[in-house]
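Student: turn this into a model:
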Amino acid sequence: MQISEKQIELVNRQIDALVDLKEEIRMVIEQLASDREKIILEMYYLENKSYSQIGNELGYHSESVRHIVKAAVKKS
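Tutor: Next comes the predicted model:
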C-alpha cells in the first residue's frame with residue numbers, strides 16, 4: 001500500500017496541531033500557583049500517565065490524584 005503525499009501532509013498537519021496543543025497545555029499548567037498541581041497535571045496531560053501511575057510515583061492514592069486534577073482544571 002502506497003502512502004500519498006496528501007496523506008503525509010494531513011498527518012504532518014495533525015502532528016503540528018498536537019504539538020501546538022501540548023504547548024498550550026504546558027503554558028496553562030505553568031500559570032498554576034501550586035507546584036504539586038503543576039507536577040501532577042504535567043504527568044497526567046503531558047506524560048500521559050494514569051492516576052494510579054502518578055499516585056505510585058508521588059505517594060498519593062489514585063483517587064486523591066483524580067481530585068487534584070479535577071480541582072486544578074477548574075482553577076485554570
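Student: alpha carbons only for contacts and neighbour counts from here, please
Tutor: OK.
Student: show me what counts as buried in the lengthiest helix in the chain.
Tutor: When the chain is parsed with DSSP state H, its longest helix is helix 5-30. Judged by neighbour count using 16 or more other C-alpha atoms under 10 Å, the buried positions of helix 5-30 are 26, 29-30.
Student: ok, now stretch 43-56?
Tutor: By neighbour count on 16+ other C-alpha under 10 Å, the buried set for stretch 43-56 is 43-44, 51-55.
Student: output those residues in a markdown table; the columns should cover distance to R66 and secondary structure.
Tutor: Shown next, in a markdown table, are the buried residues of stretch 43-56 (distance: C-alpha to C-alpha, whole Å; DSSP: H, G, I helix; E, B strand; the rest coil):
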| residue | distance to R66 | secondary structure |
| --- | --- | --- |
| M43 | 12 | helix |
| Y44 | 10 | helix |
| Y51 | 6 | helix |
| S52 | 9 | helix |
| Q53 | 11 | helix |
| I54 | 10 | helix |
| G55 | 9 | helix |
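Student: let me have these in CSV, extended by pLDDT.
Tutor: Formatted as CSV, the buried residues of stretch 43-56 follow (pLDDT from 0 to 100):
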residue, pLDDT
M43, 98
Y44, 97
Y51, 98
S52, 98
Q53, 98
I54, 98
G55, 98
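Student: tell me which of those residues is nearest to K74?
Tutor: Y44 (15.2 Å; C-alpha to C-alpha).
Student: wait, that closest one sits on S52?
Tutor: No. Here Y44 does not reach S52: they are 10.3 Å apart, not a contact under C-alpha atoms under 8 Å.
Student: what about K70, which helix or strand?
Tutor: helix 62-75 (DSSP states H and E).
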